[in-house]
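In: Sequence first, predicted model second:
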Amino acid sequence: MFRNTNHVPQLFRPEHYFAPEQFEKERDRLFLPGWHCVGVKALLPKEGDFLTIELLERPLIVWHTSQGFRTFLNVCTHRFSTLTDKPCGHADKHLKCQYHGWEYDTDGNTCKIPDAQSFRPLKKGELGLREYRTETVGQLIFVTLNENAPDLKTFLGPELVAFAEQRFSPEHRLTLLRDVDIDCNWKIAAENILESYHIAEVHPKSFSEYPVPENCYHEFHPEYDHFIHKFETEPRYAKPERIVAKIIGRPPDYEWHHILRYPNVVMGGAGPWHYIQMIWPTSPTTCRSRWISMHYSGPKSSWWAFLLHRAFYRYGRKVARQVQDEDAVIYPKVHRGNASIDRPHSGGLISTREERIVAFQEYILRETGAVAMSSDAPERTPPSSSVRVAQT
């Protein structure tokens with residue numbers, strides 16, 4: 001069931017949730033070296049389709065070209081305007097800057113400069129777009145900002161690669177893409193998704209009750225942890241899955257999987273719905289979460305699969321939004337309490353059901369060289385936070 005038989009202590013000190021120095025260490029040592037899922041192929045089905053995204057203070061444009069998916073810095077080399085501020089669009093073979101009309105080909109090279117003679121001398125290809133490594137697994141599109149990062153499959157590891165290829169296959173359809181900006185330190189959002197202890201209180205409409213402990217399993221690895229909930233004997237979850245599986249014509253999937261590849265790549269789901277969630281710090285006290293959900297409704301060539309697709313699409317979007325909105329309300333409140341200059345006496349206990357948080361905190365402390373929890377209090381407290389949700 002769980003690794004621990006008794007509760008365990010909180011490892012993070014208050015300042016780990018708001019100190020600028022800790023934020024900088026995490027950005028430089030955890031996020032910049034890694035891979036980040038920015039979208040799925042279903043969002044860019046045709047050559048020329050593109051999407052834009054802000055990643056770690058860098059505006060990016062992901063472009064479906066004849067050479068595959070390529071990612072460029074969404075900044076013109078002329079006067080540094082963003083090329084486009086559209087969240088998505090189509091650009092055929094050229095990207096055109098919205099400011100002065102400079103154009104770039106699918107290799108990022110400058111191919112057209114209005115009034116070019118006024119820029120002489122200028123060598124061909126001298127001012128090209130900055131490109132970032134882009135790789136895919138299943139339908140998932142990943143980008144790294146680190147030229148020396150290992151390849152994507154090495155970074156994810158065999159288990160996550162297999163999960164992505166099976167749960168985000170070409171047969172899966174897009175359910176929801178949503179960005180949520182939250183007023184809390186990114187680790188508070190990450191810790192929340194690592195435990196089910198909060199769901200009875202925070203999710204009374206969507207989940208309402210704890211998973212049965214005897215059906216829950218925690219697996220811990222150096223770079224990730226894995227939660228498995230086997231719910232075949234729990235009618236609340238098993239009965240709907242049996243019905244859906246029978247309609248689609250596949251074996252029932254009675255296992256909910258939830259994997260966190262440290263620090264911020266989350267994959268999870270069961271039955272026809274699966275999702276990937278990315279959590280990015282935007283400041284010491286704010287973060288952004290990108291949620292991409294997909295579903296399988298049967299072979300795309302089947303007429304009945306289209307009807308199921310519409311049903312799964314609507315229901316999946318409704319439930320996903322509800323869960324996200326319920327979590328978004330509590331995040332700033334948890335941040336405010338963690339940032340308090342005083343702490344309750346003998347507080348900071350973590351239950352066995354929440355033990356994945358300990359492995360996560362150990363990873364952060366180890367990789368950033370931070371000092372674990374002590375009785376020392378921080379010298380100051382940051383401004384209090386409020387709910388701030390933005391959707392795309």
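Out: The structure has been received and is ready for your questions.

In: Apart from its chain neighbours, what residue comes closest to residue 49?
Out: residue 64 (4.7 Å; Cβ to Cβ, 6 or more residues apart in numbering). Just so you know, the C-beta spots here come from the backbone N, C-alpha and C atoms, and that holds for glycine as well.

In: who touches residue 188 in this structure?
Out: Contact partners of residue 188, counting by Cβ atoms under 8 Å, 6 or more residues apart in numbering, are 17, 331, 334, 335, 338.

In: hmm, 6 Å instead?
Out: Counting by Cβ atoms under 6 Å, 6 or more residues apart in numbering, residue 188 touches 331, 334, 335.

In: can you confirm it is in a helix?
Out: Yes - under DSSP: H, G, I helix; E, B strand; the rest coil, residue 188 falls within a helix.

In: Check it and give its pLDDT.
Out: The model reports residue 188 with a pLDDT of 97.

In: got it, and residue 386?
Out: You'll see residue 386 listed with a pLDDT of 36.

In: do residue 290 as well
Out: So, for residue 290, pLDDT stands at 97.

In: Need phi/psi at the residue lying closest to it once chain neighbours are set aside.
Out: Leaving aside its sequence neighbours, residue 290 sits nearest to residue 278 (Cβ to Cβ, 6+ apart; 4.6 Å). Backbone dihedrals for residue 278, given as degrees, to the nearest 10, come out at phi -110, psi 140.

In: Could you give the bridge partners of the residue nearest to residue 49?
Out: Beta-bridge partners recorded for residue 64 (DSSP bridges): residue 69.

In: which residues touch it?
Out: Residues in contact with residue 64 (Cβ under 6 Å, 6+ apart) are 44, 47, 49.

In: hang on, the earlier thing: who's in contact with the residue nearest to residue 290?
Out: Listed by Cβ under 6 Å, 6+ apart, the contact set of residue 278 reads 37, 264, 290.

In: Need the phi and psi values for residue 55.
Out: When read as degrees, to the nearest 10, the backbone of residue 55 gives phi -130, psi 110.

In: Nearest residue to it in space, ignoring adjacent ones along the chain?
Out: Residue 55 sits nearest to residue 36 (Cβ to Cβ, 6+ apart), 6.0 Å away.

In: What distance do you get for that neighbour to residue 263?
Out: According to Cβ to Cβ, to the nearest Å, residue 36 stands 11 Å off from residue 263.

In: next one: residue 55
Out: 14 Å.

In: And residue 71, by the same measure?
Out: Counting by Cβ to Cβ, the gap from residue 71 to residue 263 is 21 Å.

In: Which one of those two is surrounded by more residues?
Out: residue 71 (27 against 21; other Cβ atoms under 10 Å).

In: shouldn't that one be in contact with residue 134?
Out: Yes - using Cβ atoms under 6 Å, residue 71 makes contact with residue 134 at a distance of 4.5 Å.

In: hey, what's in contact with both of those two?
Out: With Cβ under 6 Å, 6+ apart as the test, residue 71 and residue 134 both reach residue 143.

In: Please enumerate the helices of the stretch 201-350 of the chain.
Out: 235-248, 303-338 (DSSP state H, counting those that start in this stretch).

In: Quick one, which of these gets closest to residue 285.
Out: helix 303-338 (6.8 Å; Cβ to Cβ).

In: Just the buried residues of the closest one, please?
Out: Of the residues in helix 303-338, 305, 308-309, 312-313, 316, 319-321, 323-324, 326-328, 330-336, 338 count as buried by neighbour count, 16 or more other Cβ atoms under 10 Å.

In: try stretch 22-32
Out: 22, 23, 25, 26, 27, 30, 31.

In: Please list the residues outside that stretch that contact it.
Out: With contacts defined as Cβ under 6 Å, 6+ apart, stretch 22-32 is touched by 16, 56, 145, 146, 263, 284, 367, 368.

In: how close does the last one sit to residue 118?
Out: Taking Cβ to Cβ as the criterion, residue 368 is separated from residue 118 by 49 Å.

In: Just want to know which of the two has more residues nearby.
Out: residue 368 (18 against 8).
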